[in-house]
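Engineer: My questions are about this predicted structure, shown below with the sequence.
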Amino acid sequence: MRLTIIGCSGSFPGPDSPASSYLLEAEGFRLLLDLGSGAIGALQRHAGLYDIDAVCLSHLHADHCLDLCAYYVARTFHPDGPRPRIPVYAPAGTASRMAQAYGLAEPPGMTEAFDFATLEPGTRQIGPFQVTTAHMNHPVETFGYRLEHGGRSIAYSADTGESAALIGLARQADLLLCEASLLDGPDLPANLHLTARQAAQHAARAGVGQLVLTHLVPWNDQVLTLAEASEVPLDGPVSLAASGRVIDLG
Ligand SMILES: [Zn+2]
């Protein structure tokens, strides 16, 4: 299973990264996890635009889903004709939200380009991946993910405040891709995002093999992000996500 970080900038794109998007590959199957602002551009450095087999969205905040509009254009208006529909697993209401975002009448909205499937907490098979989802702690319905293949596992926090469900999803995972939107400080918002230290605490409780900090907000000093996470004792390494970084779990 191979992870390619397409975008890891938190809340809005940064100078060196689009907003959230991750490419997971196994057995030639390509799954895109989130499609935040700008992701379709950087994706083309790592995969053919039409080589994506499925899209999974964590939630409907713009920095996690809005490039589905760009991808709709790319799949629908190619000079050689529309590309085949691909599945989009996403929270309830996604088809309408995306149609509104682009100003499309419903029907059909984007349903001729994408086969929308409403996510529920639980486990399903998507291509070669066993995919488990659980509700996170965020102001809108948000799913964290665990993807497993060939005895390897990757967990993804999406956006969340402190969450026992995230620890459950990530338990003994080889890699936890965890948001670290906040730095230590007074009066931090509750039930919204994690600090880097909280991300590391979740990783420690779950016993993950390695922690990759993501959803890195451009106004933060990421040297501090890594330093604050590194103060939490962990069995495995902790590092920062970066657009273009590839992690091969074998
Ligand atoms: Zn969010």
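Structural biologist: Cool, the structure landed.
Engineer: residues from this protein in reach of the ion?
Structural biologist: For the chain, the residues found near the ion under the criterion C-beta under 5 Å from the ion are 61, 159. In short, each C-beta sits where N, CA and C put it, glycine included.
Engineer: can you give me the helices for the chain?
Structural biologist: Secondary structure of the chain (DSSP state H): helices at 39-43, 62-65, 67-76, 94-102, 164-170, 196-206, 222-230.
Engineer: Let me have these in TSV, extended by mean neighbour count, distance to residue 23 and mean pLDDT.
Structural biologist: Rendered in TSV, the data for these read as follows (neighbours: other C-beta atoms under 10 Å; distance: least, C-beta to C-beta, whole Å; pLDDT from 0 to 100):
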stretch	mean neighbour count	distance to residue 23	mean pLDDT
helix 39-43	23	7	98
helix 62-65	24	15	98
helix 67-76	20	13	98
helix 94-102	18	20	98
helix 164-170	21	20	98
helix 196-206	23	22	98
helix 222-230	17	22	98
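Engineer: Save those helices as a markdown table, and put in distance to residue 32 too.
Structural biologist: Formatted as a markdown table, these follow (distance: least, C-beta to C-beta, whole Å):
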| stretch | distance to residue 32 |
| --- | --- |
| helix 39-43 | 7 |
| helix 62-65 | 11 |
| helix 67-76 | 9 |
| helix 94-102 | 14 |
| helix 164-170 | 19 |
| helix 196-206 | 23 |
| helix 222-230 | 24 |
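Engineer: if I pick the residue lying closest to residue 153 once chain neighbours are set aside, what's in contact with it?
Structural biologist: Nearest residue to residue 153, sequence neighbours excluded (C-beta to C-beta, 6 or more residues apart in numbering): residue 173, at 4.4 Å. Contact analysis of residue 173 by C-beta atoms under 8 Å, 6 or more residues apart in numbering lists 146, 153-155, 206, 208-209.
Engineer: If we use 6 Å, what do you get?
Structural biologist: 153, 155, 208 (C-beta atoms under 6 Å, 6 or more residues apart in numbering).
Engineer: in the protein, which spans are strands?
Structural biologist: With strands called from DSSP state E, the chain shows them at 2-7, 21-26, 29-33, 54-56, 86-90, 114-118, 122-126, 129-135, 143-149, 152-156, 175-179, 210-214, 238-240, 246-248.
Engineer: which of these sits most buried?
Structural biologist: Mean neighbour count (mean count of other C-beta atoms under 10 Å) peaks for strand 175-179 among these, with a mean of 29.
Engineer: Can you give the contact residues for that one?
Structural biologist: 154-157, 159, 170, 194, 199, 203, 208, 210-212, 214-215.
Engineer: what about 8 Å?
Structural biologist: Under the criterion C-beta under 8 Å, 6+ apart, residues 3, 10, 22, 153-160, 166, 170, 193-194, 199, 202-203, 206, 208-215, 241, 247, 249 lie in contact with strand 175-179.
Engineer: Okay, now the sheet partners of it, with direction.
Structural biologist: strand 152-156 (parallel), strand 210-214 (parallel) (DSSP bridges).
Engineer: where does the protein have low pLDDT?
Structural biologist: The chain contains no residues with pLDDT under 70.
Engineer: can you rerun that using 90?
Structural biologist: 250 (pLDDT under 90).
Engineer: so who does residue 15 touch?
Structural biologist: residue 218.
Engineer: Could you export the contacts of residue 173 as JSON lines, including distance to residue 14?
Structural biologist: Formatted as JSON lines, the contacts of residue 173 follow (distance: C-beta to C-beta, whole Å):
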{"residue": "153", "distance to residue 14": "28"}
{"residue": "155", "distance to residue 14": "24"}
{"residue": "208", "distance to residue 14": "25"}
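Engineer: From the residues you listed, pick the one nearest the ion.
Structural biologist: Using C-beta to the ion, residue 155 is the member of the contacts of residue 173 that lies nearest the ion, at 17.2 Å.
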